[in-house]
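Chemist: Show me how the following folds:
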Amino acid sequence: VTDTTANVYDIYRLDNNYGPDLSLSTINSITGTKAQLSYFATNYGQSDITGLGNEALTVTDGSITVTEANVLDGLTTGVVTATISTTSSSTLATLTGTGNAYTITVTDTTATAANLNSIDGATTVAVTATAVTTITGTASAVDTALSSSGISGLGEEFVTLSGSTAVADANTVSGKTTGTVTATITEGDVTTLKTLNETTNAYTITITDTTVAASDLATIDNLTSVAVNASNVATLTGSISVVTDIYTANTAGTVSGLGNEAVTISDTTPAVSALNNLDGLTTGTINAASIPTLSGTTAALNTAYAS
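Modeler: Alright, predicted model coming up:
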């Protein structure tokens, strides 16, 4: 045979009518129906047909399962072109080979980034993942999936990141989806935590600094829907108003672990009632050295000086 392309049915007729020896070494592309190619797969082991193993295979009708695709992929180093009927991401991730031209649609609503990336690597055709509403995995794997031009339909998913995630990685992932990103943040220092770039995500955060400006803690509180763990904070600094707001947040449950901190206030002319209110919110000592003048009722002043 000197043709470069062939249909499975024609090869079958040649083999049966003109045997015993059939060389197909010039053929670089074979087409056929799913049933024909399934039957033809047995010919790859026949001694009377030679020259097979590097041709492209194209399924011309219907679709094939992952198992059937893997059989065809194992027969040739050429590209296998087919529509895959399997839609489960975990099964699709078992496709063998790379560089094949599989048309694939994932119908799972939740998929791991690792599986999506494996599927993406198995085909040169963009994988349709519109049905996916939640992606799980490491920040690196999720970033790869969301960044790939080989996966279509992504960008609005909820994301759950495994392990511990650096602020920079959380920012990268959250910038690629409009959905909520759930993660445990690695860093605990206020300076780094303040660089988290969105306010709608569910980040588990533990402050590791022992002295924190109340305004900074308020900023971090606004960056996550999960209560910020501030139990390591030994000293809060700032105006009475801002520090009081942080204790209000602690009562509301958006910040946790406060109640025994020392407080260094920055006010110069506060109302003594505000100072006394703050004093009731912490068992720690309030440093009011910044106040040159204190005004209020006699009773309130007596309370402040007695504290």
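Chemist: Who are the contact partners of the residue positioned nearest the centre of the chain?
Modeler: The structure's the chain has its C-alpha centroid closest to residue 142; by C-alpha atoms, centre = their mean the separation is 3.5 Å. Neighbouring residues of residue 142 by C-beta atoms under 8 Å, 6 or more residues apart in numbering: 113, 135, 136, 159, 161, 173. C-beta: built from backbone N, CA, C; applies to glycine.
Chemist: burial of the closest residue to it other than its chain neighbours, as a residue count?
Modeler: Closest residue in space to residue 142, ignoring its immediate chain neighbours: residue 113 at 4.4 Å, by C-beta to C-beta, 6 or more residues apart in numbering. Neighbourhood size, residue 113 [other C-beta atoms under 10 Å]: 25.
Chemist: Isn't residue 113 up against residue 145?
Modeler: Yes: contact criterion C-beta atoms under 8 Å: residue 113 and residue 145 qualify, at 4.4 Å.
Chemist: any residues in contact with both of these two?
Modeler: With C-beta under 8 Å, 6+ apart, residue 113 and residue 145 have common neighbours 135, 137.
Chemist: Where does residue 111 sit: helix, strand or coil?
Modeler: Following DSSP: H, G, I helix; E, B strand; the rest coil, residue 111 is assigned to strand.
Chemist: next one: the one 5 residues further on
Modeler: The three-state label given to residue 116 by three-state DSSP is helix.
Chemist: Contact partners for it?
Modeler: Residue 116 sits next to 89, 106, 127, 129, 132, 135, 145, 151 when contact means C-beta under 8 Å, 6+ apart.
Chemist: Tell me the confidence at it?
Modeler: Looking at residue 116, its pLDDT is 98.
Chemist: quick one: it and residue 128, what's the gap?
Modeler: Distance, residue 116 to residue 128, by C-beta to C-beta, to the nearest Å: 11 Å.
Chemist: Overlap in contacts, those two.
Modeler: Overlap of the contact sets of residue 116 and residue 128 (by C-beta under 8 Å, 6+ apart) consists of residue 106.
Chemist: Strands along the stretch 151-300 of the chain, start to end?
Modeler: 151-152, 158-165, 181-185, 202-204, 211-213, 228-229, 235-238, 255-256, 262-265, 286-287 (DSSP state E, counting those that start in this stretch).
Chemist: what do you get for the stretch 1-150 of the chain?
Modeler: Taking DSSP E, counting those that start in this stretch to define them, one finds strands in the stretch 1-150 of the chain at 5-7, 22-23, 29-32, 49-50, 56-59, 80-83, 101-103, 110-112, 127-128, 134-137.
Chemist: Can you lay out these as JSON lines showing distance to residue 305 and mean pLDDT?
Modeler: Output for the strands of the stretch 1-150 of the chain, formatted as JSON lines (distance: least, C-beta to C-beta, whole Å; pLDDT from 0 to 100):
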{"stretch": "strand 5-7", "distance to residue 305": "98", "mean pLDDT": "72"}
{"stretch": "strand 22-23", "distance to residue 305": "106", "mean pLDDT": "68"}
{"stretch": "strand 29-32", "distance to residue 305": "94", "mean pLDDT": "84"}
{"stretch": "strand 49-50", "distance to residue 305": "103", "mean pLDDT": "67"}
{"stretch": "strand 56-59", "distance to residue 305": "89", "mean pLDDT": "92"}
{"stretch": "strand 80-83", "distance to residue 305": "83", "mean pLDDT": "96"}
{"stretch": "strand 101-103", "distance to residue 305": "79", "mean pLDDT": "98"}
{"stretch": "strand 110-112", "distance to residue 305": "61", "mean pLDDT": "98"}
{"stretch": "strand 127-128", "distance to residue 305": "71", "mean pLDDT": "98"}
{"stretch": "strand 134-137", "distance to residue 305": "57", "mean pLDDT": "98"}
